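Novice: here is the input, now give the coordinates:
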Amino acid sequence: MAQPRPKLTALKQYLNQLSKEELISDISEFFQKFDMVKDYYQIKLYSEEIDQVREKYKKIIENEFFPGRGFGKARISVAKKAVNDYQKIAEAPIGVADIMLFYVEQGVKFTDIAK
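Specialist: Here you go, the predicted model:
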């Protein structure tokens with residue numbers, strides 16, 4: 001039988017047991033392994049670079065519909081994942097709205113070209 005997924009309370013208990021150095025080590029490991037964590041901390045540490053992070057996610061969406069070469073695959077799952085990932089790390093609702101509108105614009109542009 002599969003282990004149940006840990007709850008937030010279990011995580012907090014685990015984290016409370018760690019020393020400051022162990023916490024820093026854990027966060028550093030996440031930072032190295034996951035691009036989304038890098039983007040989160042880029043926004044946290046350098047709030048003026050939020051536009052740069054948003055552009056990164058817009059580029060993912062744009063490349064799905066209009067890659068540099070060839071035809072776009074228009075995989076909705078990839079584009080929606082970029083929107084959802086940005087939504088998880090962004091604090092400003094206006095930035096989330098911007099990326100959502102960009103996603104819709106790219107989809108409309110793609111269907112107009114496909115006519």
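Novice: neighbours of residue 31, how many?
Specialist: 13 (other C-beta atoms under 10 Å). C-betas here are computed from N, CA, C, even on glycine.
Novice: identify the residues contacting it.
Specialist: Contacts for residue 31 (C-beta atoms under 8 Å, 6 or more residues apart in numbering) come out as 37-38, 41.
Novice: now those residues in CSV, with distance to residue 98 and secondary structure?
Specialist: Converted to CSV, those look like this (distance: C-beta to C-beta, whole Å; DSSP: H, G, I helix; E, B strand; the rest coil):
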residue, distance to residue 98, secondary structure
37, 22, helix
38, 21, helix
41, 21, helix
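Novice: now, of these, which are buried?
Specialist: Using 16 or more other C-beta atoms under 10 Å as the burial test, these include residue 37 as buried.
Novice: name the nearest of the contacts of residue 31 relative to residue 93.
Specialist: Here the nearest of these to residue 93, counting by C-beta to C-beta, is residue 41; it sits at 20.4 Å.
Novice: now do the contacts for the closest one.
Specialist: By C-beta under 8 Å, 6+ apart, residue 41 lies in contact with residue 31.
Novice: kindly report the same for residue 57.
Specialist: Shown in contact with residue 57 (C-beta under 8 Å, 6+ apart): 82-83, 85-86, 99.
Novice: again, but for residue 75
Specialist: Going by C-beta under 8 Å, 6+ apart, residue 75 touches residue 64.
Novice: may I see the buried residues of the lengthiest helix in the chain?
Specialist: Within the chain, and with DSSP state H defining each element, the longest helix by residue count is helix 93-113. Neighbour counts using 16+ other C-beta under 10 Å place 95-96, 98-99, 102-103, 106-107, 110 of helix 93-113 among the buried residues.
Novice: good, wrapping up.
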